[in-house]
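Trainee: no sequence for this one, just the structure:
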């Protein structure tokens with residue numbers, strides 16, 4: 001090798017970003033598991049670890065309480081539970097992660113729905129001493145409802161049952177029987193001890209009968225579950241850019257984020273709700289032009305023809321256009337203390353578009369505990385049910401199962417401006 005040649009760099013395969021959720025019943029060890037992941041993967045800064053160690057010593061603990069890494073609210077630390085959704089970010093040599101630690105209490109189900117809505121994978125913790133509980137079924141149902149395709153059932157606290165293979169196998173079979181009733185197909189099972197670290201990052205030496213991957217190995221190899229890259233092109237318009245300068249006298253750019261699919265210069269597109277078709281003249285990112293842009297990229301589109309477009313309109317693929325409708329049926333998670341009842345009116349926000357929405361009917365409420373539907377009635381806080389809305393303005397929608405971005409919406413109370421519901425279009 002000559003002196004002028006650069007030294008070769010080690011190339012690691014980049015597995016991309018993985019958003020995952022940790023959920024389960026109260027005291028199953030979710031926060032401790034996430035703390036163990038961060039600690040054993042060397043993703044904790046020295047000052048943060050020192051703070052956790054000081055707090056742990058004040059509580060009379062000999063070892064650092066790793067759950068404190070995610071239980072950030074004062075009320076959470078005082079009660080020893082998770083109340084709000086805690087997000088943590090870390091990376092390894094091959095992947096970046098966003099972790100959501102969801103609360104286990106039934107009264108915070110709405111927080112769990114929020115966390116699950118963007119997750120690619122869900123870790124559902126089960127206490128080895130207790131087995132599959134009602135809240136286990138509840139969180140599994142919600143994870144399945146919001147379209148998380150990959151579930152990992154982590155049977156935690158194996159150290160408290162003598163690392164019993166028999167208990168692990170029994171819990172796995174119980175969960176599989178329940179999962180079959182929901183149509184859940186992709187489930188992996190891992191025995192572990194978040195407190196001791198067995199099968200989290202390192203294998204440990206007390207679960208030798210388990211031959212599968214550790215939790216970290218499974219996360220490192222999990223597929224990127226988002227399908228938006230191959231879904232039809234969807235570009236909700238956020239802003240119309242019209243610079244008032246002599247240099248850009250005829251400039252008209254449409255700014256927004258590509259929610260799914262991809263677009264290239266010269267591609268034919270359709271503008272909704274007008275239905276006009278045209279072609280993409282340019283794709284701008286800051287001061288440069290891109291020949292191609294894909295999902296989750298925020299860009300400015302310039303079109304070949306002058307088309308009347310404003311915020312809330314959508315630029316789409318004309319061959320695979322979304323449904324344009326003034327009535328939708330959706331599964332709604334109700335977030336507010338005041339119940340949802342037929343005849344109520346709300347502001348419905350879908351992508352960048354807002355419209356008035358009338359609750360036309362509540363078809364049923366889902367009893368998650370019994371896995372059955374209860375006809376009619378109303379939705380109380382944390383309830384999930386099927387609701388039909390009539391809309392003042394048309395929306396451009398896809399089923400949530402096909403496209404999370406164009407299949408989801410939120411409901412806003414006009415009087416308080418609070419977000420009171422989250423919906424998934426069927």
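Mentor: Looks like it arrived, so ask away. In this text the structure is predicted, and so the values were computed from the model without any measurement.
Trainee: isn't residue 343 up against residue 359?
Mentor: Yes: at 6.3 Å, residue 343 counts as touching residue 359 under the criterion of C-beta atoms under 8 Å. Using the backbone N, CA and C atoms, a C-beta is placed for each residue, glycine as well.
Trainee: of the two, which one has the most company?
Mentor: residue 359 (21 against 8; other C-beta atoms under 10 Å).
Trainee: grab the nearest non-local neighbour of the more buried one.
Mentor: Among residues not flanking residue 359 along the chain, residue 344 sits closest, at 4.8 Å (C-beta to C-beta, 6 or more residues apart in numbering).
Trainee: what count of nearby residues applies to the one you found?
Mentor: Residue 344 has 15 nearby residues by other C-beta under 10 Å.
Trainee: roughly how far does it sit from residue 335?
Mentor: Distance from residue 344 to residue 335, counting by C-beta to C-beta, to the nearest Å: 14 Å.
Trainee: for the protein, just list every one of the helices.
Mentor: Counting by DSSP state H, the chain has helices at residues 30-40, 46-58, 74-79, 109-116, 134-145, 165-182, 215-221.
Trainee: out of those, the one nearest residue 409 is which?
Mentor: Smallest distance to residue 409 across those (C-beta to C-beta): 13.3 Å, for helix 109-116.
Trainee: okay, now the unreliable bits of this protein?
Mentor: 1-15, 45-49, 56, 62-86, 103-109, 224-229, 245-249 (pLDDT under 70).
Trainee: got the domain ranges for it?
Mentor: 17-221, 234-320, 323-425 (automatic domain parsing).
Trainee: quick one: residues contacting the residue at minimal distance from the centre of the chain.
Mentor: Most central in the chain under C-alpha atoms, centre = their mean is residue 118, positioned 1.5 Å from the mean C-alpha point. Each residue near residue 118 by C-beta atoms under 8 Å, 6 or more residues apart in numbering is listed here: 19, 100, 404.
Trainee: closest to residue 234 among the residues you listed?
Mentor: Distances from residue 234 to these, taken by C-beta to C-beta, are shortest for residue 404, at 10.7 Å.
Trainee: excluding chain neighbours, give the residue nearest to that closest one in space.
Mentor: Among residues not flanking residue 404 along the chain, residue 147 sits closest, at 6.4 Å (C-beta to C-beta, 6+ apart).
Trainee: residues contacting that neighbour?
Mentor: 400, 401, 404, 424.
Trainee: from residue 333, how far out is it?
Mentor: Between residue 147 and residue 333 the computed distance is 13 Å (C-beta to C-beta).
Trainee: and if you look at residue 260?
Mentor: Residue 260 is 22 Å from residue 333, by C-beta to C-beta.
Trainee: same check, this time on residue 60
Mentor: From residue 60 to residue 333 the distance is 40 Å (C-beta to C-beta).
Trainee: neighbour count winner among the two?
Mentor: More crowded of residue 60 and residue 333, by other C-beta under 10 Å: residue 333, with 25 against 6.
Trainee: pretty sure the more buried one contacts residue 111?
Mentor: No: counting by C-beta under 8 Å, residue 333 does not reach residue 111; the two are 10.4 Å apart.
Trainee: could I get the contacts of residue 147 as TSV with neighbour count and distance to residue 215?
Mentor: Compiled in TSV, the contacts of residue 147 are given as follows (neighbours: other C-beta atoms under 10 Å; distance: C-beta to C-beta, whole Å):
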residue	neighbour count	distance to residue 215
400	22	28
401	14	27
404	20	25
424	21	28
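Trainee: just the strands in the stretch 301-426 of the chain please.
Mentor: 314-316, 323-334, 345-350, 353-367, 372-375, 384-397, 408-412, 419-425 (DSSP state E, counting those that start in this stretch).
Trainee: ranking the helices of the chain by burial, who's on top?
Mentor: Of the helices of the chain, the one with the most neighbours on average (mean count of other C-beta atoms under 10 Å) is helix 30-40, at a mean of 25.
Trainee: what packs against it?
Mentor: Judged by 3 or more C-beta pairs under 8 Å, 6 or more residues apart in numbering; DSSP states H and E, the packing partners of helix 30-40 are strand 17-24, strand 86-91, strand 96-101, strand 121-127, helix 215-221.
Trainee: can we see that at 10 Å?
Mentor: Under the contact criterion of 3 or more C-beta pairs under 10 Å, 6 or more residues apart in numbering; DSSP states H and E, helix 30-40 touches strand 17-24, helix 46-58, strand 86-91, strand 96-101, strand 121-127, strand 150-156, helix 215-221.
Trainee: just want the angle from that helix to strand 150-156.
Mentor: Helix 30-40 and strand 150-156 are oriented at 90 degrees to each other (axes from the mean of the first three to the mean of the last three C-alpha atoms, to 10 degrees).
Trainee: now the angle from helix 30-40 to strand 17-24?
Mentor: 140 degrees.
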